[in-house]
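Q: need a structure here:
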Amino acid sequence: MTRPPISSGPRSSTGEGNVDAGVEGNARLTGSNSALLIALLAIEGATILSIRSLLSPHVFVGMLLIPPVALKTGSTLYRFLRYYQGVPAYRRKGPPAWALRLLGPFVVILTAVVLGSGVGLMLVADPWRQRLLFVHKASFVLWFGAMTIHVLGHLTETARFAPKDWISRAGRRWPRASARRWALVVSLLAGALLGWWFLGRVGSYLATSPHGHGG
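A: From the prediction side, this is the model:
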């Protein structure tokens, strides 16, 4: 009597066969979060064109970014942890290209420095403010180059997975799709609350910085 084959992951009622639900779910969360971050970063970049007059939206969107960035970092690190632990489903999926793997830690560190220095600028006074402003500007230049490569390298994967939990009925029935959607919504709400709180500090920042955010 032959044994039935062991499935590599839970079957889906959406017609996607034996695709591992954990791997697919992680890719969907990372993809939809990446698409959200690309949109928010584009808005944030637009505010730099006239930073003093657009400092309020610059600060709001900057704070809005923090929880989704943390969520994206968590889902990405989870994938790599499971891969290097030797979990079969994640090993089958494989890692990103080696260049993107090497770039990944720099993207995480530079993102933390850019966002962290931006938060600090709203909380401290001179002489620390001028030092943080230099760090904020310098890290942004490095971050922009690294992030451009990172986004382009993952663009196809992002476009493939980002809409899956949101558009089709079949996609919305995939295991834990609702939880992933809520994770994004909650991260945005948390970011909006953070942004709203920091908006109250913009006036005092401008009043005590004669040259504005531009230094």
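Q: and the residue most central in space within the chain, what helix or strand is that in?
A: Taking C-alpha atoms, centre = their mean as the criterion, Val69 is the residue nearest the geometric centre of the chain, at 3.3 Å. Using DSSP states H and E, Val69 falls within helix 55-84.
Q: please apply the same query to Thr156.
A: Thr156 belongs to helix 128-161, assigned by DSSP H and E.
Q: same question for the helix or strand following that helix, mean pLDDT?
A: Next along the chain after helix 128-161, taking DSSP H and E as the criterion, comes helix 169-172. The pLDDT scores in helix 169-172 average 76.
Q: and for stretch 41-60?
A: Across stretch 41-60, the per-residue pLDDT values average to 94.
Q: check contacts around Tyr83.
A: 90-91, 93-95 (C-beta atoms under 8 Å, 6 or more residues apart in numbering). The way it works is simple: take the backbone N, C-alpha and C, and place the C-beta from them, glycine included.
Q: pLDDT averaged over the host helix or strand of Trp182 - what is it?
A: Using DSSP H and E, Trp182 sits within helix 177-199. In this model, helix 177-199 has an average pLDDT of 96.
Q: give me the buried positions along it.
A: Counting neighbours by 16 or more other C-beta atoms under 10 Å, one finds that the buried residues in helix 177-199 are 177, 180-181, 183-184, 187-188, 190-191, 194-195, 198-199.
Q: C-alpha coordinates for that helix, PDB please?
A: What follows is helix 177-199, C-alpha atoms only, in PDB (Å, rounded to 0.1, in the frame of the first residue of the first chain):
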ATOM      1  CA  ALA A 177      -5.100  37.800   3.300                       C
ATOM      2  CA  SER A 178      -7.300  39.700   5.700                       C
ATOM      3  CA  ALA A 179      -4.700  39.800   8.400                       C
ATOM      4  CA  ARG A 180      -2.100  41.200   5.900                       C
ATOM      5  CA  ARG A 181      -4.500  43.900   4.700                       C
ATOM      6  CA  TRP A 182      -5.100  44.900   8.200                       C
ATOM      7  CA  ALA A 183      -1.400  44.900   9.000                       C
ATOM      8  CA  LEU A 184      -0.900  47.500   6.300                       C
ATOM      9  CA  VAL A 185      -4.000  49.600   7.400                       C
ATOM     10  CA  VAL A 186      -2.900  49.600  11.000                       C
ATOM     11  CA  SER A 187       0.700  50.600  10.000                       C
ATOM     12  CA  LEU A 188      -0.700  53.500   8.000                       C
ATOM     13  CA  LEU A 189      -3.000  54.600  10.900                       C
ATOM     14  CA  ALA A 190      -0.100  54.400  13.300                       C
ATOM     15  CA  GLY A 191       2.100  56.500  10.900                       C
ATOM     16  CA  ALA A 192      -0.700  59.000  10.500                       C
ATOM     17  CA  LEU A 193      -1.000  59.500  14.300                       C
ATOM     18  CA  LEU A 194       2.800  59.900  14.500                       C
ATOM     19  CA  GLY A 195       2.700  62.400  11.700                       C
ATOM     20  CA  TRP A 196      -0.100  64.300  13.300                       C
ATOM     21  CA  TRP A 197       1.800  64.600  16.600                       C
ATOM     22  CA  PHE A 198       4.900  65.800  14.900                       C
ATOM     23  CA  LEU A 199       3.100  68.400  12.900                       C
END
